[in-house]
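# can't give you the sequence, but here's the structure:
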């Protein structure tokens, strides 16, 4: 938690992923770079992806399970995340303390985290300890016992964390924004749930959720690092042979309703800056215009110092330190948002400028150089974003989950390079709306005095 | 996401400069070979690391120009200059630098610390010449347009609001550091005090730039699957003609002895109280620092470590808690204990429980297994870190800034030799009530 205070501390821009694609940081490898991923579907239905990398004696595993908050009942929101978090809190063979002691002793880490589309379980281990690693991984996925005591503790911690995060204005703004855009759909709430829904969750709910969804035919596993396919198959045989296929009967809810509405929410806090999110419904990951949208967003506000929002609002006006736009494209829907922070007194000006830039990109074609710069970065920057075995493991799971194909890495440059100026304009017109949008401002209300000006009424 | 909800052992963070598992261990089947170290006639130091397995190349340039080199009344100067380095030279307009790098499919950024400022680009190996040309250009040809300077000052003030003014726990940290030191220039924040940032002029920046952004005050590291000879030739060509600057005097930092606990409070709108207790501690140049690093691991290297087990798991009085140690600095800094109270629990309880864990170690040395675990974590984290070419280059640069890149290996050897008795002795020697500075966040509720 102290890292940012010491080393990278005051770096000049927050390092952001320019487009939040549920961890699908898609782009290409330059021609010199290839990712030789092997894909197979095992007898028990598990999709297995492997990349051999022998540069270091390490192994990274990511397991994606379609057991995210999409699959939980609304009145038990937080169930999916809680189930994932409890995997390491006791199994048939090991207590919570044993799990952490065994893994931490060898400097390994094994754990799970929630998500909306899917949850991930991950393992990071030295090659010499890979057997122990797979043993722990299978134990927490196959045999968790969800002790009542650990469940109560975890619920208390999650509730405490929800409270603590209220101190982060960016979190508060994001929470409200999601709920306004997606309403009651799971995408509209926190994967952590809320104090009320968490209190409703019984041990039995967790046990049932796990038993219904944590099955191989509902999962994707990637193994990356200093390990051969033969070694992987030996480890799976040894530690995962008891993982049997089982029909999945739960299904995700209907897609979120694509309601366009206009609403401003202002939250009054003792802050020097207004934290602002402006946006609306976006696109899902399978939208064919996804790549045109990627290019358009890069030019609008996804491209850091290469983007119009940064150029106008930071470089020319000095109003913000960070401003960026993103399309977050999930399986069944998505959102578009512009996020920024500026001193309370400049909130209205900054919002006005954001809307102007949205209108501008909807009303005229981007320039040749903007288009070619965007393409050059999107297609050229891939190796930066999946440099390590850990990153590759996460990437492979996402590529599989979103059905992008094992050859996605090779196809991506083609997808991006085929986008024309007309496509960009089309995408802007279709997927940006400077009239009907949600505006969330967490600020000193009096100083910010957010006005409902003409373009917003 | 989930990790954020619970305690993050600080050692797991990539850039963590403190705590148990921040870096380094030698890696046995290391494929990266440090091929070349060269000092150009103008004093510029160059390191080239070749790693055939790396899909990309990294260029880093480090200047001995951190906030410790600033004067009272001008704090934040180093960091604002870092921002100005992106605002154009005689050859390239404002923001052109980043645009050129992005157009080449690269990523660039920079960071300022107490000791140094560094700039980096990650690029495809065949485009590394861009870094070399652009960095050489901005080492000598910066324009620093007066209007651009004013506008960037505003940007930095927004940055300060974002990172400090509106972040209650960061405010506590700032208060604790500035109360802990009377003389050391480490006492002011790297980003600077707001009043100082407001008052920095173009002349201040220009003077500092001319004095410190010279070849004899810089270190370059290029790493990746690159051709060593041609990279060196390019560096000689671009940086070679830049004249050497005047020699820079080393800081002499002495700190008067602390004779009693210091306590500071921050009252601010917040949900939960927080405590940060900081002890003066040596840096990595001193032998005791190895034992303190292991101590941080024993106390807070994960969920099986003492603080998590006691405060979070058993007593359930803290939402998050841990220990940390900033030893990778040029001069002595701090060892910390910290905790956020669980809703309904008092911060006194958390603070006392943290001290109890320390007292236990002072009484009885930790077990062999605990010490071995902490060492294994340090070692493993370092091996894992090697997967990133950026991290490899950064380790060289960071240790070089402290004194000598070879310190990295010395540090690793030192850590391996730590015994349970050393850990106990280090706790006894440094974690002393009279030598600590404690900061408490007292949450205020907004009046309705």
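That came through fine. It should be emphasised that the depicted structure is a prediction, and the values quoted were computed from it without experimental measurement.

# helices or strands next to the strand or helix carrying residue B:413 in the packing?
Using DSSP states H and E, residue B:413 falls within helix B:407-416. Packing partners of helix B:407-416 (3 or more CB pairs under 8 Å, 6 or more residues apart in numbering or on different chains; DSSP states H and E): helix B:288-300, helix B:368-385, helix B:389-402. Every residue, glycine included, has its C-beta placed from N, CA and C.

# For residue B:175, find the nearest of those helices.
helix B:288-300 (21.9 Å; CB to CB).

# Establish whether that closest one and chain A are in contact.
No - contact of helix B:288-300 with chain A (CB under 8 Å from any CB of the partner chain) is absent, the minimum separation being 9.5 Å.

# Do I have it right that residue A:309 meets residue A:356?
No - the criterion here is CB atoms under 8 Å, and residue A:309 misses it with residue A:356 at 10.1 Å.

# More neighbours: these two, which one.
A direct count of neighbours by other CB atoms under 10 Å in any protein chain shown for residue A:309 and residue A:356 places residue A:309 higher, at 26 against 15.

# what about the more buried one, distance to chain B?
Using CB to the nearest CB, to the nearest Å, one obtains 13 Å as the distance from residue A:309 to chain B.

# repeat for residue A:200
Relative to chain B, and taking CB to the nearest CB, residue A:200 is found at 19 Å.

# quick one: contacts for that residue?
Contacts for residue A:200 (CB atoms under 8 Å, 6 or more residues apart in numbering or on different chains) come out as A:75, A:76.

# give me phi/psi at it?
For residue A:200, the backbone dihedrals are phi -80, psi -20 (criterion: degrees, to the nearest 10).

# what stretches of the chain score poorly on pLDDT?
Going with chain A. Along chain A, segments meeting pLDDT under 70 span A:1-34, A:452-457.

# wait, chain B
Checking chain B against pLDDT under 70 turns up B:1-35, B:446-448.

# Tell me where it has strands.
For chain B, the strands defined by DSSP state E cover B:33-39, B:45-50, B:57-63, B:107-112, B:117-123, B:218-224, B:262-269, B:274-281, B:318-325, B:333-341, B:436-444.

# Most tightly packed of those strands?
Neighbour counts (mean count of other CB atoms under 10 Å in any protein chain shown) averaged over each of those peak at strand B:318-325, with a mean of 29.

# Neighbouring strands - and their directions - for it?
The strands beside strand B:318-325 in its sheet (DSSP bridges) come out as strand B:333-341 (antiparallel).

# Which residue, neighbours along the chain excluded, lies closest to the residue in chain B that chain A sits nearest to?
Residue nearest to chain A within chain B: residue B:105 (1.9 Å; CB to the nearest CB). Closest residue in space to residue B:105, ignoring its immediate chain neighbours: residue A:380 at 1.9 Å, by CB to CB, 6 or more residues apart in numbering or on different chains.

# Neighbours of the one you found, how many?
For residue A:380, the neighbour count with other CB under 10 Å is 22.

# do residue B:150 as well
12.

# Leaving out sequence neighbours, find the closest residue to it.
That would be residue A:318: by CB to CB, 6+ apart, it lies 7.5 Å from residue B:150.

# what does residue B:125 give?
For residue B:125, the spatially nearest residue (CB to CB, 6+ apart) is residue B:57, at 4.2 Å.

# residues touching the one you found, list them.
The contact partners of residue B:57, by CB under 8 Å, 6+ apart, come to B:122, B:123, B:124, B:125, B:127, B:128, B:222, B:223, B:224, B:225, B:226, B:389.

# could you redo the last one with a cut-off of 6 Å?
Shown in contact with residue B:57 (CB atoms under 6 Å, 6 or more residues apart in numbering or on different chains): B:123, B:125, B:128, B:224, B:226.

# ok, now how distant is the first one from residue B:220?
This points to residue B:123. Remark: distance between residue B:123 and residue B:220 (CB to CB, to the nearest Å) = 14 Å.

# for residue A:240, same thing?
Residue A:240 is 48 Å from residue B:220, by CB to CB.

# And for the nearest residue to residue B:43 once chain neighbours are set aside, the neighbour number?
Nearest residue to residue B:43, sequence neighbours excluded (CB to CB, 6+ apart): residue B:216, at 2.8 Å. Using other CB under 10 Å, residue B:216 has 18 neighbouring residues.

# hey, what's residue A:336 bridged with?
Beta-bridge partners, per DSSP bridges, of residue A:336: residue A:280, residue A:327.

# so it touches residue A:326, yeah?
No - applying CB atoms under 6 Å as the test, residue A:336 and residue A:326 come out as separate, 7.4 Å apart.

# Next, the buried residues of stretch A:263-278.
The neighbour-count check on stretch A:263-278 (16 or more other CB atoms under 10 Å in any protein chain shown) flags A:264, A:265, A:266, A:269, A:271, A:272, A:273, A:274, A:275, A:276, A:277, A:278 as buried.

# How about the contacts made by the third one?
Spelled out, that is residue A:266. A:441, A:445, A:450.

# Helix, strand, or coil at the last one?
Per DSSP: H, G, I helix; E, B strand; the rest coil, the local secondary structure of residue A:450 is coil.

# Check whether residue A:276 sits in a helix, strand or coil.
The three-state assignment at residue A:276 reads strand, by three-state DSSP.

# where does it sit relative to residue A:233, distance-wise?
51 Å.

# just residue A:441 next, same as before
Residue A:441 is 54 Å from residue A:233, by CB to CB.

# go on, residue B:176?
53 Å.

# re earlier: quick one, what contacts the residue nearest to residue B:43?
B:43, B:244, B:245.

# Let me know the angle separating the helix holding residue B:413 from helix B:288-300.
60 degrees (axes from the mean of the first three to the mean of the last three CA atoms, to 10 degrees).

# Just the buried residues of helix B:407-416, please?
B:407, B:408, B:410, B:411, B:412, B:414, B:415.

# Just want the angle from it to helix B:389-402.
90 degrees.

# how many other residues sit next to residue A:370?
A count of nearby residues for residue A:370, using other CB under 10 Å, gives 21.

# pretty sure it is touching residue A:296, no?
No - Residue A:370 lies out of contact with residue A:296 (CB under 6 Å); the separation is 10.1 Å.
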